[in-house]
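Engineer: have a look; sequence and predicted model below, questions after that.
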Amino acid sequence: MPINLVYPNILRAQKPQKDNDFYVVKEALVSLILMLFLVDKELAMQLSDLDFDKTYTYADYLTWTFDERLEILKGKLFKMTPAPNRYHQRLSGIIFNQLSNFLKGKPCHVYSAPFDVRLSRKNAADETVTTVFQPDICVVCDLEKLDDRGCVGAPDIVVEILSPGNNKKELRNKFEIYEEAGIKEYWVVWPLSQTFLKYTLNEAEKYVPSRILTSGDLVTTPVLPGFVLDLEEVFEEANS
């Protein structure tokens, strides 16, 4: 749409006669920029354009420019919850900082969302990757799995801090996917009840749950010998 049809008087106001050519060119350029902006806005994909019954890949994921965050689990789309609340973010930051401090000088890296994990083999074509997710926190000890876009393959530990918006289907799918992918430990934190559950992969490559842990319990892991997460300290600090 030409800008002179939208704002007919602004561009023509008070044009000095001697600079008429300059203003004509300026008006044309502004009009062109506005037209390009409107066309781009009309053509940009929106979340509502996606068919949640279709199967998608990481190649599709890379083309999305809308603000809403999505995960792909076995080709199916799942909306991520809106921006987590303050308490969720406090818990995530505290757990991340304790892991980060412990891992200084050690051959493992810890990452927090947004950080893409693609469950596929190294160098797999983007069109073949059907699972990409963003855990709240993950620990990767095989640094060969890291590239500039995130992690390719199973992290050693995945931490999910649940929000009211997490649905049961999403959680069930993630449990199955993490187990199948060989993620050694899957930590689940419930902020409202201040409880913690750890799934550990056994020799049969099946998850074995811990008992429900809460304030006063210590979380340890054979993945990171010597690491101790004091849940009482974690929840008290998050509440402060």
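Structural biologist: Sure, I can see it.
Engineer: show me what whichever strand or helix holds residue 72 is packed against.
Structural biologist: According to DSSP states H and E, residue 72 maps onto strand 70-73. With contacts taken as 3 or more Cβ pairs under 8 Å, 6 or more residues apart in numbering; DSSP states H and E, strand 70-73 sits against helix 58-61, strand 76-79, strand 132-133, helix 168-181. Quick note: C-beta positions are derived from backbone N, CA and C, even for glycine.
Engineer: contact partners of the third one?
Structural biologist: Outside strand 132-133, the residues that touch it by Cβ atoms under 8 Å, 6 or more residues apart in numbering are 58, 61, 71, 72, 73, 116, 117, 118, 119, 174, 177.
Engineer: let me know whether the fifth one touches residue 173 as I believe.
Structural biologist: Yes - between residue 73 and residue 173 a contact is recorded at 4.8 Å, counting by Cβ atoms under 8 Å.
Engineer: tell me which helix or strand in the chain has the weakest average pLDDT.
Structural biologist: Least confident element among the helices and strands of the chain, by mean pLDDT, DSSP states H and E: helix 3-6 (a mean of 45).
Engineer: tally of neighbours for residue 51?
Structural biologist: 8 (other Cβ atoms under 10 Å).
Engineer: sec struct for residue 87, please.
Structural biologist: helix (DSSP: H, G, I helix; E, B strand; the rest coil).
Engineer: for it, which non-adjacent residue is spatially closest?
Structural biologist: residue 191 (5.4 Å; Cβ to Cβ, 6 or more residues apart in numbering).
Engineer: likewise residue 112?
Structural biologist: Per Cβ to Cβ, 6+ apart, closest to residue 112 is residue 96, 4.8 Å.
Engineer: A strand includes the one you found, no?
Structural biologist: No - assigned with three-state DSSP, residue 96 falls outside any strand and is helix.
Engineer: relative to residue 199, how far out is it?
Structural biologist: 19 Å (Cβ to Cβ, to the nearest Å).
Engineer: now do residue 173
Structural biologist: 14 Å.
Engineer: hmm, back to that, was I right to think the residue nearest to residue 112 contacts residue 138?
Structural biologist: No - counting by Cβ under 8 Å, residue 96 does not reach residue 138; the two are 10.0 Å apart.
Engineer: if residue 195 is in a bridge, with which residues?
Structural biologist: residue 190, residue 214 (DSSP bridges).
Engineer: for it, list the residues it contacts.
Structural biologist: Neighbours of residue 195 in contact, by Cβ under 8 Å, 6+ apart: 189, 212, 213, 214.
Engineer: one more pass at 7 Å, please.
Structural biologist: Contacts for residue 195 (Cβ atoms under 7 Å, 6 or more residues apart in numbering) come out as 212, 213, 214.
Engineer: residue 113 now?
Structural biologist: 134, 135, 136.
Engineer: of the residues you listed, which is the most crowded?
Structural biologist: Neighbour max across the contacts of residue 113 (other Cβ under 10 Å) = residue 135, 25 neighbours.
Engineer: once you drop chain neighbours, what's closest to it?
Structural biologist: Residue 135 sits nearest to residue 158 (Cβ to Cβ, 6+ apart), 4.5 Å away.
Engineer: SS state for that neighbour?
Structural biologist: Going by three-state DSSP: residue 158 is strand.
Engineer: can you name the residues bridging to it?
Structural biologist: Counting by DSSP bridges, the residues bridging with residue 158 are residue 138, residue 186.
Engineer: confidence score at it?
Structural biologist: The per-residue pLDDT reported for residue 158 equals 98.
Engineer: residues touching it, list them.
Structural biologist: 135, 138, 178, 183, 186.
Engineer: could I get those as JSON lines with distance to residue 103 and pLDDT?
Structural biologist: Below are the contacts of residue 158 laid out as JSON lines (distance: Cβ to Cβ, whole Å; pLDDT from 0 to 100):
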{"residue": "135", "distance to residue 103": "16", "pLDDT": "94"}
{"residue": "138", "distance to residue 103": "12", "pLDDT": "98"}
{"residue": "178", "distance to residue 103": "21", "pLDDT": "96"}
{"residue": "183", "distance to residue 103": "17", "pLDDT": "98"}
{"residue": "186", "distance to residue 103": "19", "pLDDT": "97"}
